[in-house]
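Engineer: The sequence isn't on hand, but the structure is:
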């Protein structure tokens, strides 16, 4: 049984899913992979089922009926993982914006004492490749905004490349997590922060996808902008933390 599970949400990732799965399995450290597919019409799930014949004991697939957001896909994956004896649970994108070779570095940060290891684009300057300046400014500005509102000393609070120690996910009421877009990443970090878990950033290079389409939308952006304030206010009225 592997110590770590890598959760990869997919929607129309037929161009990337086989390569990302093989890249994880080619690492010197052994990880299992769970694909959470939101009913991709392009055959992503069928490709995963084909790969499962080659990796029957390390590649898993959960198919949901419809696309209901990144956050709900990860919550589904977290609950699946917690029913099994994984000690470390990872979030990673399917499009190679997160390099599989960085997984052991996040893992090592948790083994060395972090409860949540965050693959950070902004810990050491701006380590983003192939993004237009407008998007870099939006992302970097959002990070400053979140730090000011929440008080978290995290350079990249919207990061989606994460390693969680199992006890963090066990301590968070996953059914209470409200956000479904990229604000989900902020909320999970904030909930861990409120519960006094140790968050540590690991500097990575983020490369924008080369194949497939981005899932970013205006709705996701506005959820993050206005949701963070509401999240902070709610936390102030809870006696036992958020």
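Structural biologist: Received the coordinates, thanks. This one's a predicted model, so the numbers in the text were calculated from it and none came from an experiment. Numbers count the residues shown, from 1 in each chain.
Engineer: Give me the mean pLDDT for the helix or strand hosting residue 89.
Structural biologist: Using DSSP states H and E, residue 89 sits in strand 88-91. On average, the pLDDT along strand 88-91 is 98.
Engineer: which stretches of this protein form helices?
Structural biologist: Secondary structure of the chain (DSSP state H): helices located at 17-25, 44-52, 70-82, 103-111, 133-150, 166-171, 183-194, 218-236.
Engineer: Let me see the contact set for residue 49.
Structural biologist: With contact taken as C-beta atoms under 8 Å, 6 or more residues apart in numbering, residue 49 is in contact with residue 61. All C-beta atoms are positioned from the backbone trio N, CA, C, and that covers glycine.
Engineer: Report the separation between it and residue 63.
Structural biologist: 9 Å (C-beta to C-beta, to the nearest Å).
Engineer: Could you find the closest non-adjacent residue to residue 142?
Structural biologist: residue 158 (5.8 Å; C-beta to C-beta, 6 or more residues apart in numbering).
Engineer: Need phi/psi at residue 237.
Structural biologist: When quoted as degrees, to the nearest 10, the phi and psi of residue 237 stand at phi -100, psi 10.
Engineer: Other residues contacting stretch 53-61?
Structural biologist: For stretch 53-61, using C-beta under 8 Å, 6+ apart, the contacting residues are 2, 21, 25, 30-35, 37, 45, 48-49, 51-52, 80.
Engineer: which parts of that stretch are buried?
Structural biologist: Within stretch 53-61, the residues scored as buried using 16 or more other C-beta atoms under 10 Å are 55, 58-61.
Engineer: Residue 147: neighbour count?
Structural biologist: Residue 147 sits with 15 neighbouring residues when counted by other C-beta atoms under 10 Å.
Engineer: and if you look at the one 10 residues further on?
Structural biologist: The burial metric for residue 157, expressed as a neighbour count using other C-beta under 10 Å, is 30.
Engineer: For it, which residues are in contact?
Structural biologist: 143, 146-147, 150, 185-186, 189-190.
Engineer: what do you get if the cut-off is 6 Å, keeping everything else the same?
Structural biologist: Residues counted as contacts of residue 157 (C-beta atoms under 6 Å, 6 or more residues apart in numbering) are 143, 146, 186, 189.
Engineer: nearest residue to the third one other than its sequence neighbours?
Structural biologist: Leaving aside its chain neighbours, residue 186 sits nearest to residue 157 (5.1 Å; criterion: C-beta to C-beta, 6+ apart).
Engineer: Next one: the one you found from residue 150, what distance?
Structural biologist: 7 Å.
Engineer: the bottom helix or strand of this structure by mean pLDDT?
Structural biologist: helix 218-236 (a mean of 72; mean pLDDT, DSSP states H and E).
Engineer: Could you tell me which ranges of the chain sit under the pLDDT cut-off?
Structural biologist: 209-225, 239-242 (pLDDT under 70).
Engineer: what about 90?
Structural biologist: 1-2, 66-69, 124-148, 179-183, 208-242 (pLDDT under 90).
Engineer: Show me the beta-bridge partners of the residue nearest to residue 109 when sequence neighbours are not counted.
Structural biologist: In this structure, residue 109 finds its nearest non-sequential neighbour in residue 117, 3.7 Å apart by C-beta to C-beta, 6+ apart. Counting by DSSP bridges, residue 117 is bridged to residue 163, residue 200.
Engineer: Residue 161 is in contact with residue 117, correct?
Structural biologist: No - between residue 117 and residue 161 there is no contact, the gap being 9.1 Å when judged by C-beta atoms under 6 Å.
Engineer: what about the closest residue in space to residue 101 that isn't next to it in sequence, distance to residue 47?
Structural biologist: Of all residues not flanking residue 101 in the chain, residue 27 sits nearest, at 7.1 Å (C-beta to C-beta, 6+ apart). To residue 47, residue 27 is 20 Å away according to C-beta to C-beta.
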